[in-house]
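Enquirer: need a structure here:
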Amino acid sequence: MTADVLDKSFKFLRRNYGCPGLDGISLKKMKRDYIKHKNIVSRKYIEDQINVLPIKTTTIIDYTGRDRDIFVYCIHERWLQMYLKLQIKQNVERTLEDYVFGYRKGMTMGNLNDYLRSIGSKYVVHLDIVRYFDHIDREILFNYLVSTVGVDGDILVKIRKSVSHTNKGLPQGNVLSPILSNVYLTPFDRFFPKRYARFSDDLYFALDTLEEKDGLIEKADAQLRKLNLKINYTKLEVKNANEF
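Expert: Okay, the predicted model is just below:
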């Protein structure tokens with residue numbers, strides 16, 4: 001375990017993941033006795049004591065009106081999750097394609113819109129995936145992390161433990177879930193090397209004619225099914241490119 005990366009993890013945690021978990025230990029309390037808590041997290045990592053603290057579940061209504069479970073972890077667990085994220089981040093960044101814009105530093109939806117406009121097409125097709133985080137196949141993901149991303153086996157064991165409290169998919173609220181969900185779609189991304197961009201699980205395709213739409217959707221559907229995913233046809237959109 002690298003001490004400077006552990007320190008960096010805590011700094012990121014303070015910036016983004018501040019509320020206490022069920023154990024009641026706050027970031028403020030940790031900061032007052034930083035060395036003690038740093039040693040606790042270090043020991044948990046070395047001994048593989050990951051995902052052993054109680055997890056709070058809260059339900060929110062998302063923008064589609066559906067219930068969505070969000071998990072609130074104790075801060076020691078979030079600290080470990082952030083450490084693991086930083087351990088794999090460089091490899092993941094090398095794996096992701098340039099036209100993937102979500103969950104990446106310095107990349108925004110505005111950048112994606114500029115990219116699509118630069119193609120000069122007439123239309124943009126927007127596809128969404130049915131309950132994406134819930135349907136990510138963890139075995140496909142873990143195999144890909146080792147075979148293509150180059151994640152170390154010991155790190156993979158810890159990542160597995162970090163998401164093991166749910167039966168399937170990736171738990172929302174886990175620090176690791178965004179970066180893992182981003183790299184999961186890389187085989188799909190590479191099937192569409194041109195006239196395509198992605199932000200999280202929102203897929204965008206540039207078309208010159210509407211006659212191309214059905215064939216494109218058929219290809220996208222086939223590639224997503226290889227990852228055990230499905231298109232959410234209720235959210236399919238076709239827009240004029242100048243609307244982006």
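Enquirer: going forward, measure contacts between C-alpha atoms and count neighbours the same way
Expert: Will do.
Enquirer: Distance of the spatially most central residue of the chain relative to Thr209?
Expert: Among the residues of the chain, the one closest to the centroid is Pro178, at 1.8 Å (Cα atoms, centre = their mean). Distance, Pro178 to Thr209, by Cα to Cα, to the nearest Å: 34 Å.
Enquirer: Now do the helices in this protein.
Expert: Taking DSSP state H, the helices of the chain run over residues 3-16, 27-32, 34-46, 75-95, 109-119, 132-135, 138-144, 153-162, 177-184, 186-191, 213-225.
Enquirer: Would you convert the ones you listed into a markdown table that also reports mean pLDDT?
Expert: Compiled in a markdown table, the helices of the chain are given as follows (pLDDT from 0 to 100):
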| stretch | mean pLDDT |
| --- | --- |
| helix 3-16 | 91 |
| helix 27-32 | 92 |
| helix 34-46 | 96 |
| helix 75-95 | 97 |
| helix 109-119 | 95 |
| helix 132-135 | 96 |
| helix 138-144 | 97 |
| helix 153-162 | 96 |
| helix 177-184 | 98 |
| helix 186-191 | 98 |
| helix 213-225 | 97 |
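Enquirer: Centre of the protein to the edge, which residue is at the far end?
Expert: Residue farthest from the centre of the chain, counting by Cα atoms, centre = their mean, is Glu211 at 33.0 Å.
Enquirer: who touches it in this structure?
Expert: Residues near Glu211 by Cα atoms under 8 Å, 6 or more residues apart in numbering: none.
Enquirer: One more: Thr148?
Expert: Thr95.
Enquirer: and Cys19, what pLDDT?
Expert: Looking at Cys19, its pLDDT stands at 82.
Enquirer: Tyr233 is in contact with Asp221, correct?
Expert: No. Contact between Asp221 and Tyr233 fails when scored by Cα atoms under 8 Å: they sit 10.4 Å apart.
Enquirer: Which one of those two is surrounded by more residues?
Expert: It is Asp221, of Asp221 and Tyr233, that has more neighbours when counted by other Cα atoms under 10 Å, with 16 against 12.
Enquirer: what's across from the residue lying closest to Tyr196 once chain neighbours are set aside in the sheet?
Expert: Closest residue to Tyr196 apart from its sequence neighbours, by Cα to Cα, 6 or more residues apart in numbering: Phe205 at 4.5 Å. Taking DSSP bridges as the rule, Phe205 bridges to Val125, Tyr196.
Enquirer: gap between Phe205 and Leu229?
Expert: Counting by Cα to Cα - Phe205 and Leu229 are separated by 18 Å.
Enquirer: is it possible to export the helices of the chain to a markdown table including distance to Ser200?
Expert: A markdown table is the format used below for these (distance: least, Cα to Cα, whole Å):
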| stretch | distance to Ser200 |
| --- | --- |
| helix 3-16 | 19 |
| helix 27-32 | 29 |
| helix 34-46 | 29 |
| helix 75-95 | 14 |
| helix 109-119 | 10 |
| helix 132-135 | 9 |
| helix 138-144 | 15 |
| helix 153-162 | 20 |
| helix 177-184 | 6 |
| helix 186-191 | 11 |
| helix 213-225 | 14 |
